[in-house]
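Chemist: quick one, fold the following:
(chains A and B)
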Amino acid sequence: MLEGLIAPLSYAFMQRGLLAALMVGVLCSIIGCYVVLRSMAFLGDALAHAVLPGVAIAYLLHGSLTLGALVAAVIVALGIGYFTREGTIKEDTAIGILFAAALSLGVALISAIRSNNYATDLTHILFGNVLGVSSGDLWLTAGLGAAILGVVLACYRPFLVISFDPVLAATLRLPAAKLRYLMLILLALTIVVSMQTVGVGLAAAMLVTPAATAYLLTRRLPAMMALSAGVGAFSSIVGLYLSYYANISSGAAIVLVATAFFVAAFALSPKKR
Amino acid sequence: MKATDFESQAPARLELEGVSAGYNGRNALEQISFQVPHGGQVAVVGPNGAGKSTLFKVLVGLLPVRSGQVRIHGQPLGLHKDCVAYVPQREEVDWRFPVTVLDVVMMGRFGKTGWLRRASPRDREVVMRSLEHMGIAHLAGQTIGSLSGGQQQRVFLARALAQEPHILLMDEPFTGVDVSTQETTLNLLNQLREQRVTVLVSTHDLNMAAQRFEQVLLLNRRLIAYGDPAYVFQPQHLQQAFSGQLLFLGGDQGAIVVDQCCPDENHAHSHEESRDA
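Modeler: Down below sits the predicted model:
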């Protein structure tokens, strides 16, 4: 048993993959608490798919795929904020429009790319390739992750108030619109970071599933964040081993493990009526 | 309209001048002007969609005014941070949010503590006092979703107290709560009067407004009447405010207001305001 756990770690790629999966699992799960509480699951899914055109353009220009994804996600996040400003159109409508537009642009660009290995690269973007994490990727993930968590920690109270009680936020003169943009950008960054491990196709699941699991079992936001991070981290590790031994996609394995936790929590939850 | 400036040397706590505001191109409030003196308590009444909630949203700064001006202590709205507290209607709150009673009441201190600093001993003291005042200190560790309707209302009253506001707005605090919570709310109003906190309470309960408030503001998009209950609740004012919902049974004094139903639990708040009055 112990042998089975240690053996894969003799490979450097496995060590890096495990570290990356851990960091992404924790990061997604903590941001995910706001995604669940503010009903932003659709938005998270949309942002995840919206990075596709950015990745395709970066691929065509031989630039950094991560940077391309980042730019695309931030543009779409700001676009959604812009269209829904002062209630011009409803948020889910704006998301639906931009999500489809970005995805179409991505598909159009990808179909125009004619190279030998683009299919492999794009599969990695869609479904993740945690075992192909370079040490540069690892540093980028760690840096961005630390920055995101730092902001989440510093903005704990403002985020709590705008999520729970927008009227109180107004009476306290909180810049609610700016905070909402900030949250969208943090979400976009998180998705980009998670692209490598679970891929854009499944990033939304990592944002929602561990947080929803923790929501069922906890009574306060800090506890929900801690438990969510735990579920995310544990799912990442178990999922990665599963992917190593069963030879299945790492992203899919991680999400399936997290889903198993959710189902168990749902069955045991005191909140279930 | 009856002037109510019994303390003319001090600027009115709250002053509205020609305020219009609304949603989607339609004004839910039209040219509203009134003053509430220091420590005044006003019941805001009117039919559904009269703009009661819109008025409160303007006062907390959630909805910008289209024209006119709101002044607090003689200064325009927005210069004051944290001097207005708002007790929401029960259906406005996400009761499944993972926060405890203590968490919610502590939120009332954020404006004073700052967004990064830890709660000071004084913050804790004020929060504990507010909880005890509302008789819910023993529930501090409970999640808000596990409480009864009356207890939930007390949590938000305690939070408003913890904010130590100059102006307190309560949206339908007498709707859907038990008698003892109504009584607690009324006792609180008496104490706030002694502390000279200015209070606006919206209510569907015209009897409550007439019996427990010195000033009543009758609203139906425009300000119909403002003054003491005997002045406001005259048939011609009620006719103007409630028109179709008003039933006259012989003689001038025989007015009965019917169809005074409250929006039901799942009724989205914006609907109430967007419906034509």
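
Chemist: low-confidence ranges, the chain, go.
Modeler: Because you didn't say which chain, this covers chain A. Chain A contains residues with pLDDT under 70 at A:1, A:86-87, A:114-122, A:271-273.

Chemist: nope, chain B
Modeler: Confidence mapping of chain B against pLDDT under 70 gives the ranges B:1-12, B:80-82, B:244-277.

Chemist: helices or strands up against whichever helix or strand A:Leu207 is part of?
Modeler: A:Leu207 is part of helix A:200-217 when elements are defined by DSSP states H and E. On a contact count with 3 or more Cβ pairs under 8 Å, 6 or more residues apart in numbering or on different chains; DSSP states H and E, helix A:200-217 meets helix A:12-37, helix A:41-60, helix A:118-127, helix A:176-194, helix A:221-246, helix A:250-268. (Each C-beta comes from the backbone N, C-alpha and C, glycine too.)

Chemist: could you name the helices and strands sitting against the last one?
Modeler: Just to be clear, that refers to helix A:250-268. Counting by 3+ Cβ pairs under 8 Å, 6+ apart, the packing neighbours recorded for helix A:250-268 are helix A:12-37, helix A:200-217, helix A:221-246.

Chemist: ok, now the first one?
Modeler: Taking 3+ Cβ pairs under 8 Å, 6+ apart as contact, the helices and strands that helix A:12-37 lies on are helix A:41-60, helix A:135-154, helix A:156-164, helix A:176-194, helix A:200-217, helix A:221-246, helix A:250-268.

Chemist: output the helices and strands packed on helix A:200-217 as a markdown table; include the columns mean neighbour count.
Modeler: A markdown table is the format used below for these (neighbours: other Cβ atoms under 10 Å in any protein chain shown):
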| stretch | mean neighbour count |
| --- | --- |
| helix A:12-37 | 24 |
| helix A:41-60 | 24 |
| helix A:118-127 | 16 |
| helix A:176-194 | 22 |
| helix A:221-246 | 21 |
| helix A:250-268 | 20 |
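
Chemist: A:Thr84: which of those is closest?
Modeler: With respect to A:Thr84, and counting by Cβ to Cβ, the nearest of the helices and strands packed on helix A:200-217 is helix A:176-194 at 9.2 Å.

Chemist: quick one, that closest one and helix A:41-60 angle?
Modeler: Comparing the axes of helix A:176-194 and helix A:41-60 via axes from the mean of the first three to the mean of the last three Cα atoms, to 10 degrees yields an angle of 60 degrees.

Chemist: so helix A:176-194, near chain B or not?
Modeler: No: Helix A:176-194 stays clear of chain B (Cβ under 8 Å from any Cβ of the partner chain), getting no nearer than 9.1 Å.

Chemist: got it, and stretch A:156-169?
Modeler: Yes: judged by Cβ under 8 Å from any Cβ, stretch A:156-169 comes into contact with chain B through A:157-158, A:160-161, A:163-168.

Chemist: separation between the closest residue to B:Pro229 other than its chain neighbours and chain A?
Modeler: Setting aside the residues directly before and after it, B:Pro229 is nearest to B:Ala210 in space (Cβ to Cβ, 6 or more residues apart in numbering or on different chains), at 4.1 Å. From B:Ala210 over to chain A the distance is 28 Å, taken as Cβ to the nearest Cβ, to the nearest Å.
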